[in-house]
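**Student:** predicted model and sequence below, questions to follow.
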Amino acid sequence: MLQYIYSFFEEEKMVFIKLLDGIDKNWSTIEKAKYLYNQIGKNTSYDERFAYGDNAELMHKIFYRDVDIRKDEDTRIVCHTANKIYLQLLQELKIKAKLVYKNPVVERKIPVKDVALVFWDENGNKYFTNLVGDIQKCKFGLRTAFFGIKNNLYEEAQDVSEIPSNEQKEIDRKVGVIQQDYNDIVFKLLANEVKNTMGTACYSLKFHLDDSAISEWMLDLGDVRESARIRVNGKEAAVLWSVPYRCLIGRYLHPGENILEVEVTNLPANRIADMDRRQIPWRIFKDANIVSLQYKKSGYENWQPVPSGLLGPVKLIPMKEVRF
């Protein structure tokens with residue numbers, strides 16, 4: 001299996017000098033450097049033979065491989081070859097750069113140091129990069145983590161400048177490599193799946209309550225889809241299943257920090273519609289859920305997702321005692 005994978009990768013060839021074709025001459029030094037950084041990452045793969053190999057001679061050749069950026073090259077790389085490619089491309093653009101080294105934290109069959117790269121912009125500011133650490137992020141459209149950051153592990157990269165996150169995003173936008181944070185992608189994937197789900201979500205909040213003369217409070221959940229179980233400081237306070245979604249919780253509160261938990265369960269409509277769209281058998285009745293209101297054979301695949309969860313707004317309302 002591994003031999004098959006290696007032969008597959010060996011078919012991947014690239015002329016690295018062609019990456020310069022996408023450079024806009026009006027870009028700043030940092031913008032040009034970031035563009036190349038992302039393009040190298042997107043078009044290369046980490047050489048697993050080096051990571052898990054036990055042939056010292058082969059590992060030596062992989063690490064110290066000579067790269068001619070004007071010829072077809074194997075796109076499998078490790079830290080040394082990756083940064084040599086990056087260095088040569090930056091030099092083609094007349095950008096000052098150099099390789100920097102540090103002792104590795106992992107034991108290898110051959111005694112080599114980890115390699116990164118620093119470059120200088122037109123104003124003489126020095127920036128640190130670690131291309132190998134970002135290969136996967138570049139491939140999958142994630143925001144890079146090792147470009148333009150502080151790094152004290154490499155001796156020759158302790159006086160580098162740092163590029164703030166908002167500037168990094170603007171650079172990405174300008175050079176056409178709009179990327180996302182990992183959490184943003186995960187959230188979108190989850191949000192797309194959750195809209196087809198029947199289940200329970202727990203919302204929690206810590207809040208501080210001053211010691212006051214107010215003895216009773218009303219919790220108003222606002223819009224709830226569809227039922228809510230409420231716990232205050234670990235004690236069950238109420239179960240709400242219809243409007244208005246309100247209850248008194250004064251007896252469970254105390255001065256200082258309090259914890260509010262609201263478990264909201266939605267209806268099965270979204271799940272049913274999704275199962276019908278994917279033709280998953282779910283009906284267990286012979287004389288129900290078979291026909292529409294017009295007594296025609298029907299399914300629910302055309303149902304659109306209905307709102308679910310705690311939509312709010314949530315309010316904690318102080319109550320006044322009124323005597324008649």
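**Tutor:** Cool, got the structure. Residues are numbered from 1 along each chain as shown.

**Student:** right, and Val15 touches Lys71 too?
**Tutor:** Yes. With the criterion set as C-beta atoms under 8 Å, Val15 and Lys71 qualify as a contacting pair; they are 6.7 Å apart. C-beta: built from backbone N, CA, C; applies to glycine.

**Student:** run through the stretch 201-324 of the chain and note the low-pLDDT ranges.
**Tutor:** For the stretch 201-324 of the chain, applying pLDDT under 70 flags the ranges 286-292.

**Student:** let's see that with 50 instead.
**Tutor:** Scanning the stretch 201-324 of the chain with the threshold set as pLDDT under 50 gives no residue ranges.

**Student:** strands of that one, residue ranges please.
**Tutor:** 217-220, 223-225, 227-232, 235-240, 246-248, 256-265, 309-312, 315-318 (DSSP state E, counting those that start in this stretch).

**Student:** direction included, what does the second one pair against?
**Tutor:** This points to strand 223-225. Using DSSP bridges, strand 223-225 pairs in its sheet with strand 309-312 (antiparallel).

**Student:** so for the partner strand, what gets flagged as buried?
**Tutor:** Of the residues in strand 309-312, those with enough neighbours to count as buried (16 or more other C-beta atoms under 10 Å) are Gly309, Leu310.

**Student:** what's in contact with that strand?
**Tutor:** In this structure, residues lying in contact with strand 309-312 by C-beta atoms under 8 Å, 6 or more residues apart in numbering are Ala201, Tyr203, Leu221, Gly222, Asp223, Val224, Arg225, Ala228, Val262, Val264, Asn266.

**Student:** next: stretch 22-31.
**Tutor:** Contacts to stretch 22-31, defined as C-beta under 8 Å, 6+ apart, come from residues 32, 35-36, 39, 93, 95, 119-122, 127, 148, 163, 171, 174-176.

**Student:** sorry, back to before: out of the strands of the stretch 201-324 of the chain, flag the one nearest Glu301.
**Tutor:** Between Glu301 and these, the shortest separation by C-beta to C-beta is 21.2 Å, and it involves strand 223-225.

**Student:** and the closest one, what's buried?
**Tutor:** Within strand 223-225, the residues that qualify as buried are Val224, counting by 16+ other C-beta under 10 Å.

**Student:** how far out from the middle of the chain is it?
**Tutor:** Between the mean C-alpha location of strand 223-225 and the chain-wide mean there is a distance of 29 Å, by C-alpha atoms, centre = their mean, to the nearest Å.

**Student:** same check, this time on stretch 312-322
**Tutor:** Centre-to-centre, stretch 312-322 and its host chain are 38 Å apart (C-alpha atoms, centre = their mean).

**Student:** please apply the same query to stretch 305-324.
**Tutor:** Going by C-alpha atoms, centre = their mean, where stretch 305-324 is centred and where its chain is centred differ by 34 Å.

**Student:** what's the first-to-last distance across it?
**Tutor:** Stretch 305-324 stretches 48 Å from its first residue to its last (C-alpha to C-alpha, to the nearest Å).

**Student:** where's the residue nearest to Leu221 when sequence neighbours are not counted relative to Glu261, distance?
**Tutor:** By the measure of C-beta to C-beta, 6 or more residues apart in numbering, the closest residue to Leu221 outside its immediate chain neighbours is Tyr245, 4.0 Å from it. Shown here: Tyr245 relative to Glu261, a distance of 15 Å by C-beta to C-beta, to the nearest Å.

**Student:** quick one: the strands in the stretch 51-200 of the chain?
**Tutor:** Secondary structure of the stretch 51-200 of the chain by DSSP E, counting those that start in this stretch: the strands cover 72-74, 76-77, 97-102, 114-120, 126-129, 200-209.

**Student:** closest to Phe63 out of the ones you listed?
**Tutor:** Closest of the strands of the stretch 51-200 of the chain to Phe63 is strand 114-120, at 9.0 Å (criterion: C-beta to C-beta).

**Student:** so who does the residue nearest to Lys42 when sequence neighbours are not counted touch?
**Tutor:** Leaving out its chain neighbours, the residue that sits closest to Lys42 by C-beta to C-beta, 6+ apart is Cys138, at 4.8 Å. Taking C-beta under 8 Å, 6+ apart, we find Cys138 in contact with Tyr37, Asn38, Gln39, Ile40, Gly41, Lys42, Thr144.

**Student:** buried sites along stretch 140-158?
**Tutor:** Taking 16+ other C-beta under 10 Å as the neighbour-count basis, stretch 140-158 is seen to contain the buried residues Leu142, Arg143, Thr144, Phe146, Phe147, Gly148, Ile149, Asn151, Tyr154, Ala157.

**Student:** Serialize the residues you listed to CSV and add fields for distance to Glu57.
**Tutor:** Conversion of these to CSV gives the following (distance: C-beta to C-beta, whole Å):
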residue, distance to Glu57
Leu142, 35
Arg143, 38
Thr144, 34
Phe146, 30
Phe147, 33
Gly148, 37
Ile149, 35
Asn151, 32
Tyr154, 28
Ala157, 31
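
**Student:** and Met198, its phi and psi?
**Tutor:** Per-residue torsions, Met198: phi -110, psi 130 (degrees, to the nearest 10).

**Student:** ok, it touching Asp274?
**Tutor:** No. Shown here, Met198 and Asp274 do not form a contact pair, counting by C-beta under 8 Å, at 9.2 Å.

**Student:** many thanks, have a good one.
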